[in-house]
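Participant: just a sequence and a predicted model for now, questions to come.
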Amino acid sequence: MMEDRTFEHTESEIGSRLLMSRGTRRFRRLGALAGNAVLVTIASSSLIALLFIFYFIVRDAIPFFRLEGFGEFFSGTRWYPSREEAEFGAGAIFAGSALVTVGAIAVAVPMGVFAALCLSDILPFSLRQVVKPVIEMLAAIPSVVYGFFALVIFAPLLQRQGGGMLSIGALIVLVPLSLIGVAVAGDLISAHVSERGRPAARVASVVVLLSVVTYALFELHRFLGGLQIASGTNALNASIILGIMALPTIVSVSEDALNAVGRELREGSYALGATRAETLMKVIIPAARSGIFAAVILGVMRAIGETMVVWMASGNAARIPEPWFNLLEPVRTLTATIAGDMGEADHVTGSARYHVLFAMAACLLAFAFIANLASELIIRRARKRLG
Amino acid sequence: MGTAAEGRNEHGEGPVAISGEAQRPGHIRIGIEDFRDEPLSGRRPLILSRNFSVYYGTAAAVRDASFDIPEKLVTAVIGPSGCGKSTFLRAINRMNDLIPRCRVEGGLSLDGQDLYSPQVDVVALRKTVGMVFQKPNPFPKSIFDNVAYGPRIHGMSDRGRLAEIVEHSLKRAALWDEVKDRLGDNALGLSGGQQQRLCIARAIAVEPKVLLMDEPASALDPRSTARIEELIAELRGEYTIVIVTHNMQQAARVSDLTAFFYEGSLIEFGETKQIFTKPRERQTEDYITGRFG
């Protein structure tokens, strides 16, 4: 058996070059083992850190639920942790977090996705090289600087100029967006008309759409312009600043997704006579859809987890706005509550007041975990689908 | 800019005949080996290139190319890598417009119309001049939606009609029998060769007059390559096909006429048989005998 696999030994020059001594072999094997061990340790340390965070947060959160139960914490709206008869109704705080996050999404997602489209397909190449670093620079600004801006500059402006400023801001964003939207929609509509009537159909649809959009914008302007804002530190302020902070994440991740679609598909579409709008709407965005969705989730995580800005800009009133979607009222978020109350609660370690903050942290952590998992799954599924 | 009447007749004597259609009776399956025995003279030139140059920035990728591509035949463009053959091909449907700092000089016309005149609608041009790329590039959509993409963007919304077009195009691209039971499946699940035939079907679906093929088989295995070549032979006579290839055997097998490019210049253009048996230029001979490139 063994004889079959051994070769007759010859004193060959090349063959002997291929051999190594027993010592060398052992040394190399040990070296590889040690190297692997070091790398595995370093790589797993981040996992260990994560597990520790989970463990300590949950360990300190459990006593709260044991003391106070679940019902009041999630559904009650009376938040008086420092009273003699402490009340821990965090419902308004959850609502505040949700409201600010939704507001931030409303600001960041359209702007971010549109900016990503501009960077991947619309702007001339030389401009892209300038715009991208500028957007990425937004990520480098410390959040306390954003908070300072929100508190010292943006809040007084909102309070004094109120509706006028809102209206101008909304118009600045909405006018170009709706012009592009009208052009694209006109293109898509007229594509359904036969070759001969197409120019006329395009003009007609653009005119109709333009007048509808103009009327809508005018009404919006009138409504916003008439608003009085009681306090500049409110959910809107926090939403806008948070939205801007989430922009770089959304832009760069969705731009990556759009670029990953590749030149081949774009050329394939153009070669069939598709316009840029058609190529964008029917090939590129559908192909990059899941990547864009993942970008949005990451941006949302950024907005939910942000503490300093919401603490400084949101007004910190632990009550549900009237009506519940009123962004102009002050709200309080989970993160700001943890940051704000920890200093006082520290003195009463072991009390419900201390542990309730960990309960909030555990909720945030659970949400972040779920969202990250979801985006990971979506990206993985998309990768499989695109081959 | 030369019109059909004043264009040089590269491959025959006398005035250029205008009756391209009459030359080929209907659609018949043509064996790859035998079709080149028929005379090529008298074909109407469809694409005219006159001192045509393409520049990327200041570097010329195609320099002063002048030749006529006749209607409803297969014209191969060969040459070593970087010789400008793909650039020339992409100039015909103005895909180079997408490349920044790319500009052209001289004349390039299709059926008498200057392709680079400002009045030309690029959308209409690309609908008339279909293209198949080197790497199969189906959209990440269903097989049906891939073929229906072109007709849809050009305004076709009638479902029955779309289904007809899809079936016809897939049959034309010799793919129908393999996919007719799974038109709703994602096109990315097809093999490379099937994907490339799907791309040909997608191009055919908008009823082009010209098909540009940019090394359509270079990413495929020999069997798929043979199928694509068979398909080109079948489409010959119905479409004017311009194929870029770096595979000289392929050019010899599928084309009626061959243009040899070297370093951006058109060195020689003529009937494929002549180019491969009695090349007039030294460089052509060196290239096809494998002495360089």
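Facilitator: Received, thanks.

Participant: strands along the stretch 201-350 of chain A, start to end?
Facilitator: Using DSSP state E, counting those that start in this stretch, no strands are found in the stretch 201-350 of chain A.

Participant: where does pLDDT dip in the stretch 251-387 of chain A?
Facilitator: Across the stretch 251-387 of chain A, residues meeting the criterion (pLDDT under 70) sit at A:346-350, A:384-387.

Participant: tell me the residues on it that lie near chain B, please.
Facilitator: A:262, A:264-275, A:278, A:282-283, A:286-287, A:385-387 (CB under 8 Å from any CB of the partner chain). In short, each C-beta sits where N, CA and C put it, glycine included.

Participant: swap in 7 Å and give it another go.
Facilitator: A:264-265, A:267-268, A:270-275, A:278, A:283, A:287, A:385-387 (CB under 7 Å from any CB of the partner chain).

Participant: between those, which sits nearest B:Ser142?
Facilitator: For those, the closest approach to B:Ser142 (CB to CB) belongs to A:Arg385, at 12.0 Å.

Participant: drop anything exposed from the residues of the stretch 251-387 of chain A next to chain B.
Facilitator: A:265, A:267-268, A:270-275, A:278, A:283, A:287, A:386 (16 or more other CB atoms under 10 Å in any protein chain shown).

Participant: could you list which of those residues belong to helices?
Facilitator: When DSSP state H is applied, those are split such that A:265, A:267-268, A:270-271, A:278, A:287, A:386 fall in helices.

Participant: okay, strands next: where are they in chain B?
Facilitator: Per DSSP state E, chain B carries strands over the ranges B:45-56, B:59-70, B:74-78, B:102-110, B:113-114, B:129-132, B:210-214, B:240-244, B:257-262, B:265-271.

Participant: run through who's touching the last one.
Facilitator: Counting by CB atoms under 7 Å, 6 or more residues apart in numbering or on different chains, the neighbours of strand B:265-271 from elsewhere in the structure are B:10-11, B:40, B:63-65, B:67, B:256-261, B:275, B:279-281, B:283-284.

Participant: just the buried subset of those, written out for ChimeraX, thanks.
Facilitator: Listed next is the ChimeraX selection for buried residues among the contacts of strand B:265-271, using 16+ other CB under 10 Å:
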select /B:10,11,40,63,65,67,256,257,258,259,260,261,275,279,283,284
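
Participant: now do the buried residues in stretch A:172-181.
Facilitator: A:174, A:178.

Participant: could you pull out the helices in the stretch 201-350 of chain A for me?
Facilitator: For the stretch 201-350 of chain A, applying DSSP state H, counting those that start in this stretch gives helices covering A:235-260, A:262-271, A:276-279, A:285-305, A:308-313, A:334-345.

Participant: nearest spatial neighbour of A:Ala303, skipping sequence neighbours?
Facilitator: Excluding the flanking residues, the one nearest A:Ala303 by CB to CB, 6 or more residues apart in numbering or on different chains is A:Ala104, at 4.0 Å.

Participant: swap that for A:Leu364, sorry
Facilitator: Leaving aside its sequence neighbours, A:Leu364 sits nearest to A:Leu334 (CB to CB, 6+ apart; 5.6 Å).

Participant: pretty sure the residue nearest to A:Ala303 belongs to a strand, no?
Facilitator: No. Counting by DSSP: H, G, I helix; E, B strand; the rest coil, A:Ala104 falls outside a strand, being helix.

Participant: neighbours around it, how many?
Facilitator: 29 (other CB atoms under 10 Å in any protein chain shown).

Participant: residues contacting it?
Facilitator: Counted by CB under 7 Å, 6+ apart, A:Ala104 has contacts A:239, A:242-243, A:246, A:303.

Participant: among these, which two are most distant?
Facilitator: A:Ser239 and A:Ala246 (10.3 Å).

Participant: more neighbours: those two, which one.
Facilitator: Between A:Ser239 and A:Ala246, counted using other CB under 10 Å, A:Ala246 has the larger neighbour count: 30 against 26.

Participant: surely B:Lys127 meets A:Thr275?
Facilitator: No. In this structure, B:Lys127 is not within contact of A:Thr275 by CB atoms under 7 Å, at 11.5 Å.

Participant: report how many residues lie close to A:Cys118.
Facilitator: 17.

Participant: distance-wise, check the residue lying closest to it once chain neighbours are set aside relative to B:Gln250.
Facilitator: Among residues not flanking A:Cys118 along the chain, A:Val131 sits closest, at 7.3 Å (CB to CB, 6+ apart). Per CB to CB, to the nearest Å, A:Val131 is found 44 Å from B:Gln250.

Participant: A:Met342 now?
Facilitator: In terms of CB to CB, A:Met342 sits 73 Å off from B:Gln250.

Participant: those two: which is more packed in?
Facilitator: Shown here are A:Met342 and B:Gln250; by other CB under 10 Å, B:Gln250 has more neighbours (22 against 13).
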